[in-house]
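Visitor: just coords:
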């Protein structure tokens, strides 16, 4: 089983350095000096350092660095990258910046060396595996994400979030934090908008309030666990953040029309829409 994050520096190798990828991880490459190329499908782009490449999960292809090239690379699973996302007003613009590939954007030598040093720090943490290494890696990744956003969108101030980005950001946060039962105001704060603005954006996009969206996402996850796991109903309630199994049963019946036990014994009367998953949003 692969590690959630992997990092490596390449320092003037006498041979070409090549990575192939099939889309399962997010990848960052920093080319401090030298050259290479990247291929996505039938599309090939020449790379000349100093430059940065960002490939979100889902991209398939290969990247090659010529002999003598210097730089570094890091790959991270979606779950780890999501946990490293900055909060507050930065969440939406950073998430939008890493939602599309960056293919060899030119950067300064100073920026390239600074980013390569961050990749080197991640490599060192992973190699030494000292206490707190996981948290240190996550914080290094957070800094990298902010740097990518800055380099991809060099703005002097945080731009106002669009309704579309608010909806996508909210759905993404619900995927991560629904089990923590956050109030809607906490989601709004992380997205850098007011609760009223969040409510308006979600209602216009889904026809539901933010809390209804959260509840349906929790109900969908409860159905999945009831259908696919051997956990007892009380254990499922605890897994989903409910301290009282009786309250979980009332919640589930309100959302689905059946008790958890009845759902397990037979086909459900109805299921929440698959659109509660953030991955389904445009």
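Guide: Ah, there it is. From a predicted model like this one, the values you see are computed outputs, not experimental measurements.

Visitor: Now for residue 126: which residues touch it?
Guide: Listed by C-beta atoms under 8 Å, 6 or more residues apart in numbering, the contact set of residue 126 reads 3, 5-7, 133, 137. Placement of C-beta: from N, CA and C, glycine included.

Visitor: Report the buried residues of stretch 93-102.
Guide: 93-98, 101-102 (16 or more other C-beta atoms under 10 Å).

Visitor: In the protein, what residue spans correspond to helices?
Guide: 78-83, 91-97, 109-128, 133-152, 163-177, 184-191, 195-206, 210-228, 233-239, 245-256, 260-265 (DSSP state H).

Visitor: Comparing the ones you listed, which comes out most buried?
Guide: helix 91-97 (a mean of 22; mean count of other C-beta atoms under 10 Å).

Visitor: Please work out the average pLDDT along stretch 209-229.
Guide: Mean pLDDT, stretch 209-229: 94.

Visitor: For it, what is the distance to the chain centroid?
Guide: Offset of stretch 209-229 from its chain centre (C-alpha atoms, centre = their mean, to the nearest Å): 20 Å.

Visitor: which residues touch the residue most central in space within the chain?
Guide: The residue lying closest to the centre of the chain (C-alpha atoms, centre = their mean) is residue 82, at 3.2 Å. By C-beta under 8 Å, 6+ apart, the residues touching residue 82 are 172, 175-176.

Visitor: one more time with 6 Å, if that's ok
Guide: residue 176 (C-beta atoms under 6 Å, 6 or more residues apart in numbering).

Visitor: For the helices of the chain, give me CSV that also has distance to residue 19.
Guide: Converted to CSV, the helices of the chain look like this (distance: least, C-beta to C-beta, whole Å):
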stretch, distance to residue 19
helix 78-83, 17
helix 91-97, 22
helix 109-128, 14
helix 133-152, 17
helix 163-177, 27
helix 184-191, 33
helix 195-206, 37
helix 210-228, 34
helix 233-239, 36
helix 245-256, 44
helix 260-265, 45
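
Visitor: of these, which approaches residue 70 most closely?
Guide: helix 109-128 (7.7 Å; C-beta to C-beta).

Visitor: And the furthest pair within the buried residues of stretch 93-102?
Guide: Pairwise over the buried residues of stretch 93-102, using C-beta to C-beta, the maximum falls at 93 and 101, 17.0 Å.

Visitor: So for the closest residue to residue 215 other than its chain neighbours, what's the pLDDT?
Guide: Spatial nearest neighbour of residue 215, excluding adjacent residues (C-beta to C-beta, 6 or more residues apart in numbering): residue 255 at 5.8 Å. Residue 255 carries a pLDDT value of 94.

Visitor: Would you check that residue 255 makes contact with residue 218?
Guide: No: the pair residue 255 / residue 218 is not scored as a contact, 7.7 Å apart, by C-beta atoms under 6 Å.

Visitor: For residue 195, see how far away residue 12 is.
Guide: As defined by C-beta to C-beta, to the nearest Å, residue 12 lies at a distance of 53 Å from residue 195.

Visitor: repeat for residue 201
Guide: Residue 201 is 11 Å from residue 195, by C-beta to C-beta.

Visitor: Repeat that for residue 6.
Guide: Residue 6 is 39 Å from residue 195, by C-beta to C-beta.

Visitor: And for residue 166?
Guide: Relative to residue 195, and taking C-beta to C-beta, residue 166 is found at 12 Å.

Visitor: Good, wrapping up.
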